[in-house]
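Asks: this is a predicted model, with the sequence first.
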Amino acid sequence: MPEPRLVAGVDCSTQATKVVVCDAETGAVLREGRAPHPDGTQVDPQEWWKAWEIASAGLLDGVEAIAIGGQQHGMVLLDEAGSVVHPAVLWNDTSSADATTELIAELGGPEAWAEAVGSVPVPSFTVTKLRWIRDHEAAARAAAVVLPHDWMTHQLAADRTGIEGITTDRGDASGTGWWSPATNSYREDLVERAFGRSLKLPRVAGPAEIVGRTASGAALAAGTGDNAAAALGLDLQAGDVAISLGTSGTAFARSAHSTADSSGFVAGFADATGEYLPLVCTLNAARVMSATAQLLGMTLPEFDEAVLSSPGSQGLVLLPFLDGERTPDLPHSTGLVYGLTRATMQPATMARAAVEGLLCGLADAVDALRAQSIPVNRLLLLGGGARSRAVQALAPALLGAEVVLPEPAEYVALGAARQAAWALTGTLPTWHNPLGKPEPAVSVDAAQIRANYAQVLTNTRPLLSSPYNGS
């Protein structure tokens, strides 16, 4: 029996670097490694490289191709020699909130941005970070702007120097705010608008292109952003919507057509195959549950049991904007609890309201995809938060579709490995993803729960839009 051809996929995420080595034909994971990243919203990219060296140590013998899946939107500024001139500003850094407002107004409003690049910028987007940093001392030394996955791919390439030859792909480029999925082209005028002058931008490589070689001779695939890589790892089909509950919450689907949502809810991204990946992202997901469990003095299993044993939230509403919020666009907001009475001030009721609030935000995300003519037949629950029995039980009613539970796996890294196999062999392989059995669905009055959530959000939005000055 011939030895399998080996490919490696990398997930360079906010929290860690994860590496999987797979059989290029079957996708079977043969080796794995992981190393953490430092906490924070601004990070020295060399920390990603250190994590890569630790996570990949001893794994790469025989690997013929590698691809990087990276956290989207992060801004890495380089000088002419390719040196980093400022810590990378990550997607979850909201320092550019005021810059976002300026840029949207300057181009003519949300509709103008949606028409230009398929998305309305929020503080996560790279273009807003460029405006925020343009008056900083480091900006004067910047010659190029790249994304985390671009930088990592460039570091791995033994045949590149300085800033020459840097590449990206459609999926990651579409999260910058200066590349249009509809036209497959850069809007360099938007870079100049944001930064005050032009910067060198990475070449956008094809989906199955080999963009370089490592020192050991392994082929480097184009790589992509984390959500596009996850879509590849899951092999999303028409009618599938992935719901990922990690640090952030995302709802995304593959689409044959581009989208341009002027409301700003749906980001009109590209995918890693040549199609499109309309996506909605919230800043608050799994940590809503862990923070509430900590407040209530519960372990996560106890929290789940409390939610499932509760008869309902009894009108108690929790807006889960604990770290500000991206969707809806409320970067200055905090969490809010409404409807406290002696009857609702109970641990199980509070736990139930936290899960309902989290899922109501995601239900709004799924509805926004439907409004862009994206079919929603089944929902694939992913990420650490998807392991919650309470989430699994309440999601079908509140999100309005069948819920399936892919077995826990590193889907971003798997998607990157699948792209590497595609670049290596010239054929996108079909890999099987096993499904687990979710918790039985709980029948709830979803319409009433969502109406209560919407009413509280609408009535308190002016308060949530203003910076909170508590000490």
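Replies: All right, it came through fine.
Asks: sheet partners, orientation included, of the helix or strand of the chain with the lowest mean pLDDT?
Replies: Taking mean pLDDT, DSSP states H and E as the measure, strand 435-436 is the helix or strand of the chain with the lowest mean score, a mean of 90. Here strand 435-436 has these sheet partners by DSSP bridges: strand 402-406 (antiparallel).
Asks: any idea which helix or strand carries residue 32?
Replies: Here residue 32 sits within strand 29-36, counting by DSSP states H and E.
Asks: returning to that earlier point: next secondary structure after the least confident helix or strand of the chain?
Replies: Moving toward the C-terminus from strand 435-436, the next helix or strand (DSSP H and E) is helix 446-464.
Asks: buried set for that following helix?
Replies: For helix 446-464, the neighbour count (16 or more other C-beta atoms under 10 Å) marks 446, 449-450, 452-453, 456-457, 460, 464 as buried. For glycine as for every other residue, the C-beta is placed from the backbone atoms N, C-alpha and C.
Asks: need those in a markdown table with pLDDT, can you?
Replies: Conversion of the buried residues of helix 446-464 to a markdown table gives the following (pLDDT from 0 to 100):
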| residue | pLDDT |
| --- | --- |
| 446 | 97 |
| 449 | 98 |
| 450 | 98 |
| 452 | 98 |
| 453 | 98 |
| 456 | 98 |
| 457 | 98 |
| 460 | 96 |
| 464 | 94 |
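Asks: pick the one among those closest to residue 181.
Replies: Within the buried residues of helix 446-464, distances to residue 181 taken as C-beta to C-beta reach their minimum at residue 457, with 29.6 Å.
Asks: can you pull up the most central residue in the protein?
Replies: Among the residues of the chain, residue 227 comes closest to the average C-alpha position under C-alpha atoms, centre = their mean, at 5.2 Å.
Asks: for the helix or strand that the strand holding residue 32 is followed by, packing partners?
Replies: Per DSSP H and E, the first helix or strand lying C-terminal to strand 29-36 is strand 42-43. For strand 42-43, the contact count by 3 or more C-beta pairs under 8 Å, 6 or more residues apart in numbering; DSSP states H and E identifies strand 88-89 as packing neighbours.
Asks: neighbouring contacts of the strand it packs on?
Replies: In this structure, residues lying in contact with strand 88-89 by C-beta atoms under 8 Å, 6 or more residues apart in numbering are 41-45, 74-76, 95-96, 129, 132-133, 148, 151.
Asks: what about it, distance to the chain center?
Replies: Between the centre of strand 88-89 and the centre of its host chain there is 16 Å, according to C-alpha atoms, centre = their mean, to the nearest Å.
Asks: ditto for stretch 141-154
Replies: On C-alpha atoms, centre = their mean, the centre of stretch 141-154 falls 19 Å from that of its chain.
Asks: one step back: so what strands line up beside the strand holding residue 32?
Replies: In its sheet, and by DSSP bridges, strand 29-36 pairs with strand 16-23 (antiparallel).
Asks: put the alpha carbons of the strand it pairs with into PDB.
Replies: Written as PDB, here are the backbone C-alpha positions of strand 16-23 (Å, rounded to 0.1, in the frame of the first residue of the first chain):
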ATOM      1  CA  ALA A  16      -3.300  30.200  19.200                       C
ATOM      2  CA  THR A  17      -1.500  28.600  16.300                       C
ATOM      3  CA  LYS A  18      -2.800  25.100  15.400                       C
ATOM      4  CA  VAL A  19      -1.300  22.700  12.900                       C
ATOM      5  CA  VAL A  20      -2.700  19.600  11.400                       C
ATOM      6  CA  VAL A  21      -1.000  17.200   9.100                       C
ATOM      7  CA  CYS A  22      -3.400  15.300   6.900                       C
ATOM      8  CA  ASP A  23      -3.500  12.600   4.300                       C
END
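Asks: no more questions from me, cheers.
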